[in-house]
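> Got a predicted model here, sequence first, then my questions.
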Amino acid sequence: MNSFIARQPIFNRDKEVIAYELLYREDYFNSYTGRDGDKDSLSVIADSFYNIGINIVTEGKKAFINFTKNLIVSEIALLLPRELTIVEILENIEPSREIVDCCKKLKSKGYLLALDDFVFDKKYEELIQYVDIIKVDFTITKGNDRKFIMNKVSNKKIKFLAEKIESLEEFNEALEYGYDYFQGYYLSRPIIISQKALSTNQKKSLKILNKISRASISIDELEKIVVSDLALSYKFLRLLNSSYYGFNNKIYSIKHGMVMLGEKDIKNWLFVVLIKNISDKDNEEFVNISAIRAKFAEYIVRDMGKSLLAEDAYIAGMFSLMDVILNRPMEEILKEIKLKEDVKEALINKTGFLYNIIEFICMYEQGQWDKIISFCARYKISENKVTSHYLKSIKWLKEI
């Protein structure tokens with residue numbers, strides 16, 4: 001199932017994007033059918049913050065999000081990061097005592113508040129004391145009314161946003177009146193962002209993957225990760241007792257097994273298992289190729305006398321097809337998973353020593369023998385050893 005959000009940029013007086021308004025969409029057709037305000041706003045929150053990722057949706061800028069009366073009263077905004085959230089109070093919400101108190105609390109917690117489609121009325125006077133931005137709809141206000149609203153508001157700290165700007169004339173008029181921010185079709189239409197939603201288990205695996213990607217993680221932390229998941233525990237014990245490791249006695253204790261294997265081997269195994277958990281069954285072969293690349297890269301780098309880079313080489317190989325596996329740009333994926341700079345350089349910019357290793361592995365997969373021979377000569381690696389390393393990598397994958 002795909003998640004859909006439309007985002008429309010909001011500009012300052014220099015036509016720089018300072019925020020995005022996030023809008024509910026149920027498909028690729030960029031229109032809103034208006035079924036249920038509560039559900040639609042909750043869907044926007046869930047998709048932008050938890051399914052797609054707010055830093056991907058807004059690129060680190062603030063997000064204007066429509067809040068219905070029920071959502072304001074439920075205080076769901078307090079679950080969102082205040083540095084990225086602007087609570088947009090919809091025009092049909094009456095400024096009751098309950099609403100004013102909720103907005104006062106949000107303001108005290110550091111949230112920015114915006115009042116949507118504002119038309120001046122004395123009943124809003126108390127609420128306005130807690131509002132940071134007032135949005136004025138240029139399709140329902142005309143001429144001097146657009147300036148009149150600005151003059152009538154007593155809170156002089158408030159910024160004014162001219163919305164639904166649909167022509168150069170309206171934009172210039174808003175500039176002349178002193179509006180601070182601008183939004184509308186003249187500047188930019190809403191743009192659909194879509195991404196396949198991850199399941200709960202996939203999100204859990206991604207979170208663990210992020211944790212073990214750290215440069216250093218203790219055996220105790222790794223044990224907690226494995227023990228907390230029944231499937232991981234079973235798979236780990238099965239690995240320990242496989243022919244690949246060939247321990248003399250059967251191992252029943254996860255703690256004992258972790259001491260026997262060590263941090264490096266445990267992390268390497270977890271990378272493969274977790275990426276398999278994240279991927280769809282259709283992508284299983286890509287996960288297998290990634291795992292073989294990872295182990296192959298580790299062997300090659302060690303053979304080159306660069307053992308200190310072996311773990312980085314493994315991770316670079318393991319993530320080399322992650323964009324294909326998740327059907328997302330690599331840059332977006334690596335915003336959620338923190339990898340070392342040399343690994344990111346290889347995966348995103350396709351430069352550096354680790355990228356050369358990945359490129360060599362791709363040559364090997366494609367049978368580009370002239371380039372393989374040249375690479376081996378440059379790094380003084382035996383061609384026979386390269387073949388041996390590749391076969392060992394395949395065997396390793398079968399065992400785990």
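Looks like it arrived, so ask away.
> Can you get me a residue count around residue 250?
The burial count assigned to residue 250 is 8, neighbours taken as other CB atoms under 10 Å. All C-beta atoms are positioned from the backbone trio N, CA, C, and that covers glycine.
> Leaving out chain neighbours, which residue sits closest to it?
residue 241 (5.7 Å; CB to CB, 6 or more residues apart in numbering).
> same check, this time on residue 326
Spatial nearest neighbour of residue 326, chain neighbours left out: residue 333 (6.1 Å); criterion: CB to CB, 6+ apart.
> how about the strands in the stretch 101-250 of the chain?
Using DSSP state E, counting those that start in this stretch, the strands found in the stretch 101-250 of the chain span residues 112-115, 133-137, 159-163, 181-182, 191-196.
> will you turn the ones you listed into TSV that also has distance to residue 356 and mean neighbour count?
TSV is the format used below for the strands of the stretch 101-250 of the chain (distance: least, CB to CB, whole Å; neighbours: other CB atoms under 10 Å):
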stretch	distance to residue 356	mean neighbour count
strand 112-115	47	23
strand 133-137	50	22
strand 159-163	50	22
strand 181-182	47	22
strand 191-196	31	16
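> quick one: which of these is nearest residue 23?
strand 191-196 (9.5 Å; CB to CB).
> pLDDT (mean, whole number) over that closest one?
Averaging pLDDT along strand 191-196 gives 74.
> just stretch 163-182 next, same as before
Rounded mean pLDDT across stretch 163-182 is 94.
> Flag every buried residue along that stretch.
Across stretch 163-182, burial judged by 16 or more other CB atoms under 10 Å covers 163-165, 170-171, 173-174, 177, 179, 181-182.
> that older thread, dump the strands of the stretch 101-250 of the chain into JSON lines; add distance to residue 343 as well.
Listed next are the strands of the stretch 101-250 of the chain as JSON lines, based on distance: least, CB to CB, whole Å:
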{"stretch": "strand 112-115", "distance to residue 343": "36"}
{"stretch": "strand 133-137", "distance to residue 343": "41"}
{"stretch": "strand 159-163", "distance to residue 343": "41"}
{"stretch": "strand 181-182", "distance to residue 343": "39"}
{"stretch": "strand 191-196", "distance to residue 343": "23"}
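> For residue 210, which of those is the nearest?
strand 191-196 (17.6 Å).
> Outside of stretch 55-67 itself, list whatever touches it.
Residues from elsewhere that reach stretch 55-67 (CB atoms under 8 Å, 6 or more residues apart in numbering): 5, 7, 10, 17-23, 37, 40-41, 44-45, 48, 54, 77, 80, 83-90, 112, 114, 116, 193, 195, 332, 335.
> what about that stretch, distance to the chain center?
12 Å (CA atoms, centre = their mean, to the nearest Å).
> Give me the domain ranges for this protein.
3-188, 200-399 (the TED database).
> In this structure, which residue is most central in space?
residue 53 (3.9 Å; CA atoms, centre = their mean).
> Grab the longest strand from the protein for me.
strand 2-11 (DSSP state E).
> Pull out the buried positions in that one.
Using 16+ other CB under 10 Å as the test for burial, strand 2-11 gives 3-11.
> want to throw these into CSV with distance to residue 380 and pLDDT?
CSV is the format used below for those (distance: CB to CB, whole Å; pLDDT from 0 to 100):
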residue, distance to residue 380, pLDDT
3, 50, 66
4, 53, 79
5, 52, 85
6, 55, 89
7, 52, 90
8, 57, 93
9, 53, 94
10, 57, 95
11, 57, 96
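> Out of those, which comes closest to residue 152?
For the buried residues of strand 2-11, the closest approach to residue 152 (CB to CB) belongs to residue 10, at 22.9 Å.
> Show me the shaky parts of the chain.
1-3, 26-35, 195-200, 214-215, 242-248 (pLDDT under 70).
> give me that answer again for 50
Within the chain, the ranges that satisfy pLDDT under 50 run 27-32.
> Longest helix in it, by number of residues?
helix 284-303 (DSSP state H).
> Which element is encountered next along the chain beyond that one?
Downstream of helix 284-303, the next assigned helix or strand under DSSP states H and E is helix 310-319.
> Buried ones only from the contacts of stretch 55-67, please, as a PyMOL command.
Selection of buried members from those for PyMOL, criterion 16+ other CB under 10 Å:
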select buried, resi 5+7+10+19+20+21+22+23+37+40+41+44+45+48+54+77+80+84+85+86+87+88+89+90+112+114+116+193+195
